[in-house]
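Structure here, sequence nowhere to be found:
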Ligand SMILES: [Zn+2]
C-alpha cells in the first residue's frame, strides 16, 4: 500500500534536496561562487547573485526555533495533531520540518532535534525530526 501523503513540489531548484533525502542526506544548497549556504533555495545566490550552485551535507542536528501544533484542518495521510517546527540547523540555516516523536504539549523552543528519513516510496523520502537522546 502506498501511503497517501501530501507530496512536496519538486522542481529544478529542489531536486538535489529530494535526491539527498532518498540517499539519507540532508542537503543544504551552497553557492559554488562564494561558499554561502543558501536556504531557502532559489535560482541565484542571495549573497553574490551567482547561479553556480552546489550543496553541502548537513550534520542533521538542530534546535527548535519555533513551532506550531497542527490540530485542524485534517491533512491527508496524517493523524493529527502534527508538530511542525522551524529548526535552526547547526550549519546556521533555518528550515521547516515535521517532528514525529514529540507530543504537541512536549515540544519546546530550544529542544535539540536530529533528522531521520521516512521513505514513502521510490519517488519520495521525507525528512522528519526526532528528539536527540
Ligand atoms: Zn554566492
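That came through fine. Keep in mind the model is a prediction, meaning the values are calculated, not measured. Numbers count the residues shown, from 1 in each chain.

Could you list the contact residues of the protein toward the ion?
31, 33, 34, 36, 45, 47, 48, 50 (Cβ under 5 Å from the ion). For every residue, glycine as well, the C-beta is placed using N, CA and C.

Are any of the residues you listed buried, and if so which?
31, 45 (16 or more other Cβ atoms under 10 Å).

So which of the residues of the chain next to the ion are in helices?
Among the residues of the chain next to the ion, no residue falls in helices (DSSP state H).

between the residues of the chain next to the ion, which is nearest residue 68?
The closest of the residues of the chain next to the ion to residue 68 turns out to be residue 36 (Cβ to Cβ; 28.5 Å).

Can you pull the poorly scored residue ranges out of this protein?
Across the chain, the ranges flagged by pLDDT under 70 are 1-4, 39-41.

got the residue ranges for the strands in this protein?
All strands of the chain, identified by DSSP state E, fall at 27-31, 53-57, 61-70, 82-89, 94-99, 112-121, 124-131.

Wait, residue 129 touches residue 114, no?
Yes - counting by Cβ atoms under 8 Å, residue 114 is a contact partner of residue 129 at 7.0 Å.

Closest to the centroid, which residue in the protein?
Closest to where the C-alpha atoms of the chain average out (Cα atoms, centre = their mean) is residue 97, at 4.7 Å.

does that residue have beta-bridge partners, and which?
residue 85 (DSSP bridges).

tell me the contacts of it?
By Cβ atoms under 8 Å, 6 or more residues apart in numbering, the residues touching residue 97 are 84, 85, 87, 113, 115, 127, 128, 129.
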